[in-house]
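# sequence first, then the predicted structure:
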Amino acid sequence: MTQIPIRGAATQLLDLARRVQAGESITVTEDGKPLMQLVPVKKKGGINWEALEAYKRGKGITSFFGEIPADFDAPCPKTFLSRFPFRRTDDVPSSGHAYFHRTFGRSV
């Protein structure tokens, strides 16, 4: 890490800014003691898609999810719902998904 006295930094600000933009970190000192650091701005938030793809390639992962069947949100069969004795199967709404969430106390 580069150190520069504050008096020198004042006259070289544009040059220092370009160096920091290129990725260098610079410590500004006063009387030989660190006063502040000039560091590159970090990107905030978002997903680094390139890093994700590189990770997947390195691990041999072709996808995170298996195939999702076309009927994944179809109503549950009454034979399945009959396994829950605390509910009558004729009370089942058109969507098994909604039934599951209402049965187990989660909002839809």
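Received the coordinates, thanks.
# so where do the helices sit in this structure?
Under the criterion DSSP state H, the chain contains helices at 6-11, 13-21, 49-59, 78-81, 96-103.
# can you list those in JSON lines and add mean pLDDT and distance to Val28?
Just so you know, the C-beta spots here come from the backbone N, C-alpha and C atoms, and that holds for glycine as well. Below are those laid out as JSON lines (pLDDT from 0 to 100; distance: least, CB to CB, whole Å):
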{"stretch": "helix 6-11", "mean pLDDT": "88", "distance to Val28": "5"}
{"stretch": "helix 13-21", "mean pLDDT": "93", "distance to Val28": "8"}
{"stretch": "helix 49-59", "mean pLDDT": "89", "distance to Val28": "32"}
{"stretch": "helix 78-81", "mean pLDDT": "78", "distance to Val28": "68"}
{"stretch": "helix 96-103", "mean pLDDT": "60", "distance to Val28": "57"}
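# switch those helices over to a markdown table; also include mean neighbour count and distance to Thr27.
Compiled in a markdown table, the helices of the chain are given as follows (neighbours: other CB atoms under 10 Å; distance: least, CB to CB, whole Å):
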| stretch | mean neighbour count | distance to Thr27 |
| --- | --- | --- |
| helix 6-11 | 12 | 10 |
| helix 13-21 | 13 | 11 |
| helix 49-59 | 10 | 29 |
| helix 78-81 | 12 | 66 |
| helix 96-103 | 16 | 56 |
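# and the most centrally placed residue in the chain, how far is that from Thr27?
Geometric centre of the chain, nearest residue: Ile47, 5.5 Å, by CA atoms, centre = their mean. According to CB to CB, to the nearest Å, Ile47 and Thr27 sit 32 Å apart.
# cool, and Ser82?
Taking CB to CB, one finds Ser82 at 71 Å from Thr27.
# what's the answer for Ser63, then?
With CB to CB as the criterion, Ser63 and Thr27 are 46 Å apart.
# who's more crowded, these two?
Thr27 (16 against 7; other CB atoms under 10 Å).
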